[in-house]
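Participant: Fold the following.
(chains A, B, C and D)
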There are 2 protein chains.
Amino acid sequence: MRPPTIRDVAERAGVSKSLVSLVLRGSDQVRPEKRDAVLRAARELGYRPNAAARSLSEQRTRTVGVLLNDLRNPWFVDLLDGLNSLLHAGGLHMLLADARLNRRTGQDPADPLLDLRVDGLVVVGTLPDPAALGAVAERIPVVLAGAREPVPPGVDQVAGDDEQGARLVTEHLIGLGHRRIAHLAGYGAVGDLRRRSFEATMRTHGLADRAVVETGDMTEEGGYRATVRLLSRPDRPTAVFAVNDITCVGALSAAEELGLRVPHDVSVVGYDNTSVSRLRHLWLTTVDNAGHEVGRRAARFLLDRFERPGGEGRLHLAAPTLEIRGTTGPPPDTAAG
Amino acid sequence: MRPPTIRDVAERAGVSKSLVSLVLRGSDQVRPEKRDAVLRAARELGYRPNAAARSLSEQRTRTVGVLLNDLRNPWFVDLLDGLNSLLHAGGLHMLLADARLNRRTGQDPADPLLDLRVDGLVVVGTLPDPAALGAVAERIPVVLAGAREPVPPGVDQVAGDDEQGARLVTEHLIGLGHRRIAHLAGYGAVGDLRRRSFEATMRTHGLADRAVVETGDMTEEGGYRATVRLLSRPDRPTAVFAVNDITCVGALSAAEELGLRVPHDVSVVGYDNTSVSRLRHLWLTTVDNAGHEVGRRAARFLLDRFERPGGEGRLHLAAPTLEIRGTTGPPPDTAAG
DNA sequence: GCCCCTCTTTGGACCGTTCCAGAACCTGTC
DNA sequence: GACAGGTTCTGGAACGGTCCAAAGAGGGGC
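Facilitator: Below you'll find the predicted structure:
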């Protein structure tokens, strides 16, 4: 009652196991009648190739590991989708591991993936342990997707272009007539890029002295508190650009509680185009990070490296787009200038 | 430069490969000095066991497949967390596959998992193809988690107790003084259970004739439209119980647009305790499905079946809890009675 | 010194594939 | 009808582990 093997198929088709192997791998050096006999026998027996045996023999698993930072992060789903579409076309499987789920065990979250001998690794989001990753990158291709961090040599990197995204937002607000604009900044490489680009864009438009930056913790609560502070100032800003959607939701709450209407009295903008931003109840103007393209590009980098291993680590930045929804509009007349 | 094998370790430690195997599997039939030598050699060489080779030999992979319906569904993360905690303790790995991602390829979404010869399968959410699942269940343990559906024989089932959850909500509203209560129903087994339990509870409290049911499509837009209809009725309900959080958000939008304050003029309740419900901006009263316990119980069922295969399919219902937040309160005085 | 018994250690078969060298079978040519 | 050259097929050796029967080592009793 054990699952049929290649030998069972061979016996049933009256050929050698080697021929069965040839047929199943699509060789054209096989006479059609034998090919048909083999395929029929395989179908009749319900044969499925044993991936473990194949991996052992081929010395590769046709599987790439995807190390996620936290399944709760919503923005990575599009990324996975893009990643999967290309990998699947290349005959590769995705093996997902959540670093957060395994964190409590203390071991390196990539270990299980490496034990399974994945052919490549995609790290989505912030790196777990850069040093460990460097060692991994010496053996198999590694791509960092959706984050901007210093990476070990030979590691490719794909992410949304945060500087461009922040510029799109800032210019959108300036274009609407806003002058005094606040930024709810975050932390980490991504937070820094968005903040710097905001500042640079304000400077370019001669508004350096009208820019305000409040640093938060990238949570709703942080966004709420920072916004309360901002909007209680005598020279309160007419627009708030939050480092991410969740912070922006906090900003929205704050504005509402202070009796300000959005976007009539104050405009707010988020970042990431998460499902939350699309709730009609919130309907945040935000930036779409082109997650799908980030995923596709990560897959492309990986497939490249399977064909030609080695070489410098590359960086690709996907162009984000502005999603203008209901939380941005012209500034109130009284605050103009 | 190939990764070291058990034989390399053996040579370095001056023992046979069999002894290395014994040591690495934790046998106590080994003299301590040899054990130390082996462990040292393994460490020095950076030896990692080859999962493919082990699987091939052991005839099992120590891996369970987790078939997700859609990674975008947020409620499954707790479930995975619970699942993982127990599986990990049992030395098992989780292999995630997203049915939606693979749907376009037309093949059964479980196929890649079966090719990899997973030892068990957890299907999270709605079944892809019940017939195919039956065939799978004859070979390996299968558990359906987080959904209520007719399953093939021998398949275990774990889910939140939707009847109890709906009862909690309905009695909460009745307890607050509401009498005319509407339910925004969904579809599928879960939608039916919640609706029926709502109706039954209303009946128990002698309010059968005050219950209103509107059927929606479990989307925000559907919740919005159904609520506009409901609240425009002359005898408009003072409370709305939505089949899930996202529908509830739609209901909230509708109430707001009609100029009704929540919970002052109308109470609304969701279901699933998603992250959206916890946004302070929305702060929905909702039902927590005990996802973590569902996951743990699914793992327990699986581990049971590894030890004692066969037997009837079992059903476990995890007790949900009511999360009372900001969208429920007593009905307005005018509408009382 | 020999036998028996227990505790350690070992060689080799096996798991289900792939891959390679070479066998077997054609077909056509001289 | 032998031979060359191509096409088609096959046996056996990997791949890196596990597991088992049996060998070796050491100790105790007679």
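Participant: what about the strands in the stretch 51-200 of chain A?
Facilitator: All strands of the stretch 51-200 of chain A, identified by DSSP state E, counting those that start in this stretch, fall at A:63-68, A:93-98, A:120-124, A:142-145, A:156-160, A:181-185.
Participant: okay, those strands in a markdown table with distance to DNA strand D next?
Facilitator: From N, CA and C alone the C-beta is placed, and that goes for glycine too. Below are the strands of the stretch 51-200 of chain A laid out as a markdown table (distance: least, C-beta to the nearest atom of the strand, whole Å):
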| stretch | distance to DNA strand D |
| --- | --- |
| strand A:63-68 | 16 |
| strand A:93-98 | 19 |
| strand A:120-124 | 18 |
| strand A:142-145 | 21 |
| strand A:156-160 | 27 |
| strand A:181-185 | 48 |
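Participant: rank the ones you listed by pLDDT, which is bottom?
Facilitator: Mean pLDDT values for the strands of the stretch 51-200 of chain A show the minimum at strand A:93-98, a mean of 85.
Participant: that older thread, quick one, which of the strands of the stretch 51-200 of chain A gets closest to chain B.
Facilitator: Minimum separation from chain B across those (C-beta to the nearest C-beta) falls at strand A:93-98, 3.8 Å.
Participant: so can I have a markdown table of the strands of the stretch 51-200 of chain A showing mean neighbour count and distance to A:R195?
Facilitator: Below are the strands of the stretch 51-200 of chain A laid out as a markdown table (neighbours: other C-beta atoms under 10 Å in any protein chain shown; distance: least, C-beta to C-beta, whole Å):
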| stretch | mean neighbour count | distance to A:R195 |
| --- | --- | --- |
| strand A:63-68 | 25 | 26 |
| strand A:93-98 | 22 | 29 |
| strand A:120-124 | 26 | 23 |
| strand A:142-145 | 28 | 21 |
| strand A:156-160 | 25 | 15 |
| strand A:181-185 | 28 | 4 |
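Participant: A:I140 is in contact with A:V122, isn't it?
Facilitator: No - between A:I140 and A:V122 there is no contact under C-beta atoms under 8 Å: 10.9 Å.
Participant: Tell me who's in contact with A:V262.
Facilitator: Applying C-beta atoms under 8 Å, 6 or more residues apart in numbering or on different chains to A:V262 gives the contacts A:L252, A:A255, A:E256, A:V268, A:G326, A:T327.
Participant: least confident pick among those residues?
Facilitator: Ranking the contacts of A:V262 by pLDDT, A:E256 lands last with 92.
Participant: Would you indicate which residues of the host helix or strand of that residue are buried?
Facilitator: In the assignment (DSSP states H and E), A:E256 maps to helix A:245-257. Under the neighbour-count criterion of 16 or more other C-beta atoms under 10 Å in any protein chain shown, helix A:245-257 has A:D245, A:I246, A:T247, A:C248, A:V249, A:G250, A:A251, A:L252, A:S253, A:A254, A:A255 buried.
Participant: how near is the last one to A:V262?
Facilitator: Spelled out, it's A:A255. Shown here: A:A255 relative to A:V262, a distance of 5 Å by C-beta to C-beta, to the nearest Å.
Participant: Check the second one too.
Facilitator: The gap separating A:I246 from A:V262 is 16 Å, by C-beta to C-beta.
Participant: Repeat that for the fifth one.
Facilitator: Taking C-beta to C-beta as the measure, A:V249 falls 11 Å from A:V262.
Participant: so how far is DNA strand C from A:G216?
Facilitator: Computed as C-beta to the nearest atom of the strand, to the nearest Å, the A:G216 to DNA strand C distance reads 54 Å.
Participant: Check what pLDDT that residue gets.
Facilitator: The model's pLDDT for A:G216 equals 88.
Participant: and it, how many residues sit next to it?
Facilitator: The number of residues packed near A:G216 is 25, by other C-beta atoms under 10 Å in any protein chain shown.
Participant: Let me see the contact set for the closest residue to DNA strand D within the stretch 101-250 of chain A.
Facilitator: Nearest to DNA strand D, among the residues of the stretch 101-250 of chain A, is A:R117, at 8.9 Å (C-beta to the nearest atom of the strand). Going by C-beta under 8 Å, 6+ apart, A:R117 touches A:S55, A:R60, A:T61, B:N50, B:A51, B:A52.
Participant: Whichever residue of the stretch 201-337 of chain A sits closest to DNA strand C: what's it in contact with?
Facilitator: In the stretch 201-337 of chain A, no residue comes nearer to DNA strand C than A:F306, which is 14.1 Å away by C-beta to the nearest atom of the strand. Neighbouring residues of A:F306 by C-beta under 8 Å, 6+ apart: A:D119, A:G120, A:P141.
Participant: now the first one, nearest residue through space, not along the chain?
Facilitator: Meaning A:D119. A:R60 (5.1 Å; C-beta to C-beta, 6 or more residues apart in numbering or on different chains).
Participant: What parts of the stretch 1-150 of chain A come near DNA strand C?
Facilitator: By C-beta under 7 Å from any atom of the strand, the residues of the stretch 1-150 of chain A that approach DNA strand C are A:2-3, A:5-7, A:17-18, A:21, A:24-25, A:47-50, A:53-54, A:56-58.
Participant: Return a PyMOL selection command for the buried portion of the residues you listed.
Facilitator: Remark: buried members of these, expressed as a PyMOL selection using 16+ other C-beta under 10 Å:
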select buried, chain A and resi 5+6+21+24+47+50+53+54+56
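Participant: Narrow the residues of the stretch 1-150 of chain A next to DNA strand C to those in helices?
Facilitator: Members of these lying in helices (criterion: DSSP state H): A:I6, A:R7, A:K17, A:S18, A:S21, A:L24, A:A53, A:R54, A:L56, A:S57, A:E58.
Participant: Tell me the one of the residues you listed nearest B:V66?
Facilitator: Using C-beta to C-beta, the shortest approach to B:V66 within those belongs to A:R54, at 22.5 Å.
Participant: what about stretch A:314-331, how long is it end to end?
Facilitator: 42 Å (C-alpha to C-alpha, to the nearest Å).
Participant: what do you get for stretch A:308-325?
Facilitator: Criterion C-alpha to C-alpha; first-to-last residue distance in stretch A:308-325 is 44 Å.
Participant: How far does it sit from its chain's centre?
Facilitator: Centroid separation for stretch A:308-325 versus its chain: 11 Å, with C-alpha atoms, centre = their mean, to the nearest Å.
Participant: what do you get for stretch A:140-151?
Facilitator: With C-alpha atoms, centre = their mean as the basis, stretch A:140-151 stands 11 Å off its chain's centre.
Participant: Now look at it and say if it contacts chain B.
Facilitator: No - Stretch A:140-151 stays out of contact with chain B when judged by C-beta under 8 Å from any C-beta of the partner chain, the minimum separation being 10.6 Å.
Participant: Can you report how many residues lie near the residue nearest to A:D119?
Facilitator: 16.
Participant: Do I have it right that it meets A:G120?
Facilitator: No - with contact defined as C-beta under 8 Å, A:R60 does not reach A:G120; the gap is 9.9 Å.
Participant: Near A:D111, how many residues? Count them for me, please.
Facilitator: 15.
Participant: Then A:L322?
Facilitator: 18.
Participant: Residues in a beta bridge with it, which ones?
Facilitator: Beta bridges link A:L322 to A:V287, judged by DSSP bridges.
Participant: Relative to chain B, how far out is the residue of the stretch 201-337 of chain A closest to DNA strand C?
Facilitator: 17 Å (C-beta to the nearest C-beta, to the nearest Å).
Participant: and that residue, what element?
Facilitator: Element membership for A:F306, per DSSP H and E: helix A:291-307.
Participant: which element follows that helix toward the C-terminus?
Facilitator: As assigned by DSSP H and E, the chain's next helix or strand after helix A:291-307 is strand A:315-318.
Participant: Which two among the contacts of A:R117 are spaced furthest apart?
Facilitator: Farthest pair in the contacts of A:R117, by C-beta to C-beta: A:R60 and B:A51, 13.0 Å.
Participant: Alright, that wraps it up for me.
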